[in-house]
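Chemist: The following comprises the amino acid sequence and a computationally predicted model.
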Amino acid sequence: MRLGIFAKTFPGADPMTVLAQAKAAGFASVQYNMACSGLPSMPDAITPAQAQAVHHASEQTGLAIAAVSGTYNMIHPDPAIRAAGLARLEILAAASADMGTSLLTLCTGTRDPHDQWRRHPDNDTPEAWRDLLTEMEKAAAIAERYGIRLGIEPELANVVDSAVRARQLLDAIASPSLAIVLDPANLFEHATLPEQRDIIAHAVDLLADHIVMGHAKDRTVDGAFTTAGTGVLDYRHYIARLRAIGFTGDLITHGLEAREAPAVATFLRQALS
């Protein structure tokens, strides 16, 4: 597996500055965010020069652009906001080749109108699922048009809140453009060690043929997110399960401060050894 990090972990508004810091911290790839180019994360326009600057920084530093973040609230209660997010997703898709990547990561969304990472009780309604299918079909059509893949991440706060829901979505859309980004810390808040291992093993086995990226953060005993290696997540088990399905892709850490990055790289490298 290749060890990577969210580029946005590091300060800077140009790709060379940001990627140089990621390399110095000990990583081999990044999940890029257009904020690292001084743009909104989901910009209304990306010039060819701005996209090619990302690829140039990748070549100069030797860091791969494993993916670019394309998260927006796909089931926002306001259809106009969903439409604006989809339009910006196509802008990212059109620039992906110039940036040197073929993977955009997604957030399946929530009915919460203010925070796409906050759970809402209406996420469980048939209407929310219907809206997700409608939006995902449009997103998949964009991805197929530009020859890229979309990485869906199961997340407790979103409408796809489990591996089972992710499998249902993959089966319903049946597009070769859809893939899975698996973050085990997104699959539980509180769990005993045996429960946690069962959740991770079940998710990896259920989604195995679609997993293209692993994420790496952690949970505290109180259920809060924390930096990889400082919580309760059993990384040896997580990595062993990924290896058991033949996964050799990127393991991308996030949810940490730049000053923590070298220590996290060391922790994950040891977990991978």
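Modeler: Now that the structure is in, tell me what you want to look at. Numbering: from 1, shown residues only.
Chemist: helices or strands up against the strand or helix carrying residue 196?
Modeler: In the assignment (DSSP states H and E), residue 196 maps to helix 193-207. On a contact count with 3 or more Cβ pairs under 8 Å, 6 or more residues apart in numbering; DSSP states H and E, helix 193-207 meets helix 163-173, strand 178-182, helix 235-244. Where C-beta positions appear, they are placed from N, C-alpha and C, glycine not excepted.
Chemist: Could you point out the helix or strand that follows that helix?
Modeler: By DSSP H and E, the next helix or strand past helix 193-207 is strand 211-216.
Chemist: Now do the buried residues in the helix holding residue 196.
Modeler: For helix 193-207, burial by neighbour count (16 or more other Cβ atoms under 10 Å) applies to 196-197, 199-201, 203-204, 206-207.
Chemist: List just the nearest of the residues you listed to residue 83.
Modeler: residue 207 (28.8 Å; Cβ to Cβ).
Chemist: Tell me if I'm right that the closest one and residue 165 touch.
Modeler: No. With contacts counted by Cβ atoms under 8 Å, residue 207 stays clear of residue 165, the gap being 10.7 Å.
Chemist: Helices of the stretch 51-200 of the chain, start to end?
Modeler: 79-99, 126-146, 163-173, 193-207 (DSSP state H, counting those that start in this stretch).
Chemist: Mind putting those helices into TSV with mean pLDDT and distance to residue 120?
Modeler: Listed next are those as TSV, based on pLDDT from 0 to 100; distance: least, Cβ to Cβ, whole Å:
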stretch	mean pLDDT	distance to residue 120
helix 79-99	97	14
helix 126-146	97	8
helix 163-173	97	15
helix 193-207	97	23
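Chemist: what would these look like in JSON lines with distance to residue 45?
Modeler: Shown next, in JSON lines, are the helices of the stretch 51-200 of the chain (distance: least, Cβ to Cβ, whole Å):
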{"stretch": "helix 79-99", "distance to residue 45": "7"}
{"stretch": "helix 126-146", "distance to residue 45": "16"}
{"stretch": "helix 163-173", "distance to residue 45": "28"}
{"stretch": "helix 193-207", "distance to residue 45": "34"}
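Chemist: Ok, which of those comes nearest residue 39?
Modeler: With Cβ to Cβ, the closest approach to residue 39 among the helices of the stretch 51-200 of the chain belongs to helix 79-99: 10.2 Å.
Chemist: between the closest one and helix 126-146, how big is the angle?
Modeler: Angle, helix 79-99 to helix 126-146, by axes from the mean of the first three to the mean of the last three Cα atoms, to 10 degrees: 30 degrees.
Chemist: buried residues in helix 79-99?
Modeler: Buried residues in helix 79-99 (16+ other Cβ under 10 Å): 82, 85, 88-93, 95-96, 98-99.
Chemist: got it, and stretch 129-146?
Modeler: Buried-residue list, stretch 129-146, by 16+ other Cβ under 10 Å: 129, 131-132, 135-136, 139-140, 142-144, 146.
Chemist: Which member of those is positioned nearest residue 177?
Modeler: Nearest member of the buried residues of stretch 129-146 to residue 177, counting by Cβ to Cβ, is residue 143, at 3.6 Å.
Chemist: May I ask you to confirm that that closest one is in contact with residue 173?
Modeler: No. With contact defined as Cβ under 8 Å, residue 143 does not reach residue 173; the gap is 10.6 Å.
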